[in-house]
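[1] Quick one, structure for this:
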Amino acid sequence: MARVYPVLRWHTLAVGSPGIAKLVLLIFTAAFLAQSQVQAGSPMRFEGHGGPIRSIYISEDGRTAMTASFDYSLISWSIDSDGPHQQFRFTEHDAAVNDVAITPAGDRAVSVSDDGTVAVWDLEQNQLLRRFEGHGVKVVGVAVSPDGRLAASAGWDNTARIWNLETLEPGPVMEGHRGNVNSVEFSPDGDRLYTASYDGTIRVWDVVTGSSEGLVYRNGWGINVMRLLPGGTQILIGANNGAVAIVDIATGGVETLAEHMGPVLAVAVWPLHGLAAAGGSDGTIRVWNMDNWDLLHEMEDPYGPAWSLAISGDGTTIYRAGLDDFVAGWMISPRAAFEPVTSEFPRRYQVRADMGPGESEFVRTCSICHSLSADSQNRAGPTLYALFGRRAGSLPDYPYSPGLENSRIVWNEETIARLFDEGPEVVTPGSKMPLQRLKDVEHRDALIAYLKIATSPENGAINESRPSSASVSGAQQQE
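    Numbering: from 1, shown residues only. Alright, predicted model coming up:
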């Protein structure tokens with residue numbers, strides 16, 4: 001369970017002030033209640049993924065949501081007064097899922113992934129309808145046209161692409177950027193597509209022909225994200241230099257709203273509530289009133305970036321996705337007296353000072369994708385529980401790639417060493433395992449020694465608990 005760290009915002013009080021004891025008591029009573037709410041399964045959180053969450057999308061009516069994760073999966077959610085409820089987990093992507101969008105009708109979703117594909121999902125039948133493979137490299141952004149007929153994707157092959165959601169056929173390819181395309185947005189009438197790129201430009205294209213209609217804006221820094229503002233005449237952007245700005249489409253003029261201490265990774269617009277927001281790598285989230293662009297709210301999470309932002313249907317809660325395995329809620333109406341930071345730190349895949357060399361290598365190299373418990377914990381890869389002596393591709397509850405389903409490899413010291421010496425592309429070709437190689441023999445051997453103990457049922461490798469430092473160190477000495 002995540003530990004709750006209250007972030008206090010108050011004026012300086014004189015020492016000995018008669019009200020200070022009462023104030024402290026009220027603050028920490030509120031902190032206790034907030035922690036109790038989180039521990040009791042608060043509706044403020046979406047929990048179910050086994051890896052950091054890259055994107056969250058909530059429908060305008062607030063009843064449906066989709067989340068996309070580093071764990072190679074998407075989850076569809078229904079939302080009611082009790083909070084989010086998991087409906088279905090989609091696992092057909094072969095790498096981290098970076099972004100997702102739901103059609104206005106709510107019957108389909110579109111996702112994009114590190115595996116280079118764009119996937120279309122039927123949310124009524126909970127099944128994959130089509131995987132498009134045009135980009136061939138990392139795809140990071142997706143948008144659906146206002147009428148729900150088309151989807152657009154932003155890829156690191158320097159292109160944006162159109163996909164027909166009715167015929168499930170590919171459409172035009174927009175070529176012309178000189179860097180990764182990071183974000184796409186349809187015009188209100190759906191006839192044009194805006195694209196933002198690492199090359200620092202925003203361009204506009206004809207959706208039917210794919211032809212360029214010119215340059216909208218040129219920035220000195222890469223543009224990571226953008227959203228069209230109501231009326232379709234301005235674009236809210238987040239840039240690599242930390243700027244959040246409004247771009248006028250007709251003139252290319254720009255007005256800077258804020259500057260983050262690092263790249264801006266998420267911007268969001270909610271016309272129904274008149275709100276816009278931005279989140280950065282510095283963990284700061286800001287919310288503006290779009291009527292006058294007054295800054296309404298600001299929150300700081302020191303434990304990681306905000307990758308994606310969404311708002312509840314009633315406009316009371318903003319949800320943020322980042323390095324945690326869950327999506328956390330931040331109530332903005334009514335605004336709490338302080339904001340508890342619910343991020344877990346250090347996270348399970350972050351190295352700690354008390355770790356031995358083998359455990360450190362496991363945490364750094366393996367833990368984000370693999371569990372040590374009998375349950376896979378919905379991670380991107382299969383559990384490593386009882387790994388030694390197990391045939392590769394043999395766990396019944398994990399969706400292996402075809403390359404491993406009929407594998408004859410048996411995992412032991414020799415085969416694991418070969419995996420890290422030569423890489424999965426050689427030892428397990430066609431598998432979903434990302435490139436992992438350890439050329440340092442000492443680090444590799446320390447990792448294998450740790451795995452032999454930590455994955456053994458006899459040593460209690462359950463519930464993500466790890467052997468004590470003493471037991472691991474002793475075992476490594478015996479090895």
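[2] Every contact and neighbour count from this point should use C-alpha atoms.
    Fine.
[3] who touches the residue nearest to residue 111 when sequence neighbours are not counted in this structure?
    For residue 111, ignoring the flanking residues on the chain, the nearest one in space by CA to CA, 6 or more residues apart in numbering is residue 100 at 4.3 Å. Residue 100 is in contact with 55-57, 66-68, 109-112, 141-143, counting by CA atoms under 8 Å, 6 or more residues apart in numbering.
[4] Following whichever strand or helix holds residue 100 in sequence, what is the next regular element?
    When elements are assigned from DSSP states H and E, residue 100 belongs to strand 97-102. On the C-terminal side of strand 97-102, the nearest following helix or strand under DSSP H and E is strand 108-113.
[5] Tell me the strands beside that following strand, with direction?
    Under the criterion DSSP bridges, strand 108-113 sits next to strand 97-102 (antiparallel), strand 118-122 (antiparallel) in its sheet.
[6] Residues contacting that strand, please?
    The contact list for strand 108-113 (CA under 8 Å, 6+ apart) reads 68, 93, 95-103, 118-124, 138-142, 144, 151, 153.
[7] Mind exporting the C-alpha coordinates of it to PDB?
    Presented in PDB, the C-alpha positions along strand 108-113 are these (Å, rounded to 0.1, in the frame of the first residue of the first chain):
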ATOM      1  CA  ARG A 108     -14.600   1.600 -29.400                       C
ATOM      2  CA  ALA A 109     -11.200   2.600 -28.200                       C
ATOM      3  CA  VAL A 110      -7.900   3.200 -30.100                       C
ATOM      4  CA  SER A 111      -4.500   2.600 -28.500                       C
ATOM      5  CA  VAL A 112      -0.900   3.100 -29.600                       C
ATOM      6  CA  SER A 113       2.200   1.300 -28.400                       C
END
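[8] Regarding residue 295, what is its secondary structure?
    Three-state call for residue 295 (DSSP: H, G, I helix; E, B strand; the rest coil): strand.
[9] Ok, which of the strands paired with strand 108-113 comes nearest residue 283?
    Each of the strands paired with strand 108-113 has some distance to residue 283 by CA to CA; the shortest is strand 97-102, at 18.5 Å.
[10] How far off centre is the closest one?
    9 Å (CA atoms, centre = their mean, to the nearest Å).
[11] what comes up buried for it?
    Residues of strand 97-102 classed as buried by neighbour count (16 or more other CA atoms under 10 Å): 97, 98, 99, 100, 101, 102.
[12] pLDDT added to those residues, as CSV?
    CSV is the format used below for the buried residues of strand 97-102 (pLDDT from 0 to 100):
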residue, pLDDT
97, 97
98, 97
99, 98
100, 98
101, 97
102, 97
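[13] From those residues, pick the one nearest residue 392.
    Relative to residue 392, the closest of the buried residues of strand 97-102 is residue 97; by CA to CA it sits at 24.3 Å.
[14] Would you mind confirming that the closest one makes contact with residue 54?
    Yes: contact criterion CA atoms under 8 Å: residue 97 and residue 54 qualify, at 7.1 Å.
[15] Next one: the residue nearest to the spatial centre of the chain relative to residue 121, how far apart?
    Centroid-nearest residue in the chain: residue 54, 1.2 Å away (criterion: CA atoms, centre = their mean). Here residue 54 is placed at a distance of 18 Å from residue 121 (CA to CA, to the nearest Å).
[16] before we move on, the earlier item: between the strands paired with strand 108-113, which one is closest to residue 386.
    Nearest to residue 386 among those is strand 97-102; the distance by CA to CA comes to 28.2 Å.
[17] quick one, strands of the stretch 151-300 of the chain?
    Remark: strands assigned in the stretch 151-300 of the chain by DSSP state E, counting those that start in this stretch are 159-164, 169-175, 181-186, 192-197, 201-206, 212-218, 223-228, 234-239, 243-248, 254-259, 264-270, 275-280, 284-289, 294-300.
[18] The ones you listed into a markdown table, with extra columns for distance to residue 322 and mean pLDDT?
    As requested, these are arranged in a markdown table below (distance: least, CA to CA, whole Å; pLDDT from 0 to 100):
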| stretch | distance to residue 322 | mean pLDDT |
| --- | --- | --- |
| strand 159-164 | 25 | 98 |
| strand 169-175 | 30 | 97 |
| strand 181-186 | 17 | 98 |
| strand 192-197 | 22 | 98 |
| strand 201-206 | 26 | 98 |
| strand 212-218 | 29 | 96 |
| strand 223-228 | 15 | 97 |
| strand 234-239 | 16 | 98 |
| strand 243-248 | 19 | 97 |
| strand 254-259 | 20 | 96 |
| strand 264-270 | 10 | 96 |
| strand 275-280 | 10 | 97 |
| strand 284-289 | 12 | 96 |
| strand 294-300 | 13 | 94 |
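[19] Let me have those strands in TSV, extended by distance to residue 396.
    Below are the strands of the stretch 151-300 of the chain laid out as TSV (distance: least, CA to CA, whole Å):
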stretch	distance to residue 396
strand 159-164	35
strand 169-175	34
strand 181-186	37
strand 192-197	42
strand 201-206	47
strand 212-218	49
strand 223-228	40
strand 234-239	44
strand 243-248	47
strand 254-259	49
strand 264-270	38
strand 275-280	40
strand 284-289	42
strand 294-300	42
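[20] Tell me which of those approaches residue 379 most closely.
    strand 264-270 (23.9 Å).
[21] beta partners for residue 112?
    Beta bridges link residue 112 to residue 99, residue 118 when assigned by DSSP bridges.
[22] Against residue 184, how distant is it?
    On the measure of CA to CA, residue 112 and residue 184 end up 12 Å apart.
[23] shared neighbours, those two?
    Shared contacts of residue 112 and residue 184, counting by CA under 8 Å, 6+ apart, come down to 141, 142, 153.
[24] now the helix or strand encompassing the first one: how far from the chain's centre is it?
    Assigned by DSSP H and E, residue 141 belongs to strand 139-144. Here the centre of strand 139-144 is set off from its chain's centre by 13 Å, with CA atoms, centre = their mean.
[25] ditto for stretch 268-278
    The answer for stretch 268-278 is 20 Å, by CA atoms, centre = their mean.
[26] And that stretch, what's buried?
    Buried, per 16+ other CA under 10 Å, within stretch 268-278: 268, 269, 270, 275, 276, 277, 278.
[27] ditto for stretch 343-357
    Neighbour-count burial for stretch 343-357 flags 343, 344, 345, 347, 349, 351, 356, 357 (criterion: 16+ other CA under 10 Å).
[28] okay, the closest residue to residue 110 other than its chain neighbours: pLDDT?
    Nearest residue to residue 110 in three dimensions, chain neighbours excluded: residue 120, at 4.6 Å (CA to CA, 6+ apart). We have a pLDDT of 98 for residue 120.
[29] Hmm, residue 142 and residue 120 touching each other?
    No: when contacts are counted by CA under 8 Å, residue 120 is not listed as touching residue 142 (11.2 Å).
[30] Residue 106: what's it in contact with?
    By CA under 8 Å, 6+ apart, the contact set of residue 106 is 59, 64, 123.
[31] got these as a markdown table, with distance to residue 286, neighbour count and pLDDT columns?
    Shown next, in a markdown table, are the contacts of residue 106 (distance: CA to CA, whole Å; neighbours: other CA atoms under 10 Å; pLDDT from 0 to 100):
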| residue | distance to residue 286 | neighbour count | pLDDT |
| --- | --- | --- | --- |
| 59 | 21 | 19 | 91 |
| 64 | 24 | 21 | 94 |
| 123 | 32 | 17 | 95 |
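[32] Right, I'll leave it there.
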